[in-house]
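S.K.: okay, sequence plus prediction incoming.
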Amino acid sequence: MHRFFIPKPYKQEMQITGRDAHHIMDVLRMSTGDQLQVVADDGISFVGEITAVSMNTVTVSAKEILRETHEPDVRISLLQGLAKGEKMELIIQKAVEIGVVEIFPLAMDHSVVVLDRSKAGKKTERWQKIAEAAAKQSKRDVIPAVHGVMKLSQVLQEDNWDLLVIAYESENRISLKEVLQAHKNAKSIGVIIGPEGGLSNEEVKAAQEAGGIAVSLGRRILRTETAGLVAAAAILYETDNLGI
């Protein structure tokens, strides 16, 4: 069943407008009597029946509140160094499918990609649309936020997590699993992933001074588009098994 997000609190009757209304009517060819899933911005999701269709509005009436959540118990934030070409889009799409709750695209010291302010803004808009599409496809209960491009130092100043890990290829002593087992009560976890050129020593030091722990993701060196996805999947696996 197709899922749509409405940026308003739950009501018995709600309206879907804009691109989603167009998609429902003109692409999916749905009409009155058809059912779909709706997620309101207060987190309530339900099965709704289409009761009316106009030029740019689809009205749905709630038939069944969905009690089961599709969100993981631990909140994962991906702090991802900018990647070349379509790699960044792939990272965002798959991270959302896995269960990441927010993504911070980072302009880092060794980034190959350099975006000026206008291009960065357009990229962020596109990345957010990719996140929304992935959230719909994977039946998420929220649309993860893709933040504007910023420096690692800005994120470290503005945000904090119960646990912050740094995927660092020079770190081969502490595994991600060991760190997770030592922080069983962590409900929010930030994951720092470097770009194609890797993290600089200065960035690693700054993250460690902010409480970050450098970890190994295994014996092999992973590409930037692989590392964050592996880390997120490993975190969800470990926290589920630890009962976090």
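M.R.: Structure's in. What do you need?
S.K.: since we're on K63, how many residues are nearby?
M.R.: 11 (other Cβ atoms under 10 Å). For the C-beta atoms, the positions are set from N, CA and C on the backbone; glycine is no exception.
S.K.: surely it is in a helix?
M.R.: No. Going by DSSP: H, G, I helix; E, B strand; the rest coil, the assignment for K63 is strand, not a helix.
S.K.: who's in contact with it?
M.R.: 35, 46-49 (Cβ atoms under 8 Å, 6 or more residues apart in numbering).
S.K.: could I get these as CSV with secondary structure and neighbour count?
M.R.: Output for the contacts of K63, formatted as CSV (DSSP: H, G, I helix; E, B strand; the rest coil; neighbours: other Cβ atoms under 10 Å):
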residue, secondary structure, neighbour count
Q35, strand, 15
F46, strand, 19
V47, strand, 15
G48, strand, 25
E49, strand, 15
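S.K.: nearest to Q181 among those residues?
M.R.: Using Cβ to Cβ, F46 comes nearest to Q181 of the contacts of K63, at 38.0 Å.
S.K.: from D26, how far off is G211?
M.R.: 50 Å (Cβ to Cβ, to the nearest Å).
S.K.: looking at the protein, which helix or strand does the model trust least?
M.R.: helix 224-242 (a mean of 86; mean pLDDT, DSSP states H and E).
S.K.: now do the strands in this structure.
M.R.: 3-6, 13-17, 35-40, 45-53, 57-66, 75-81, 102-106, 145-146, 163-167, 188-193, 213-215 (DSSP state E).
S.K.: and those strands as CSV, adding mean pLDDT and distance to A131?
M.R.: What follows is these, written out as CSV (pLDDT from 0 to 100; distance: least, Cβ to Cβ, whole Å):
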stretch, mean pLDDT, distance to A131
strand 3-6, 90, 11
strand 13-17, 91, 19
strand 35-40, 91, 14
strand 45-53, 92, 18
strand 57-66, 92, 21
strand 75-81, 96, 11
strand 102-106, 96, 7
strand 145-146, 95, 5
strand 163-167, 95, 21
strand 188-193, 96, 16
strand 213-215, 93, 25
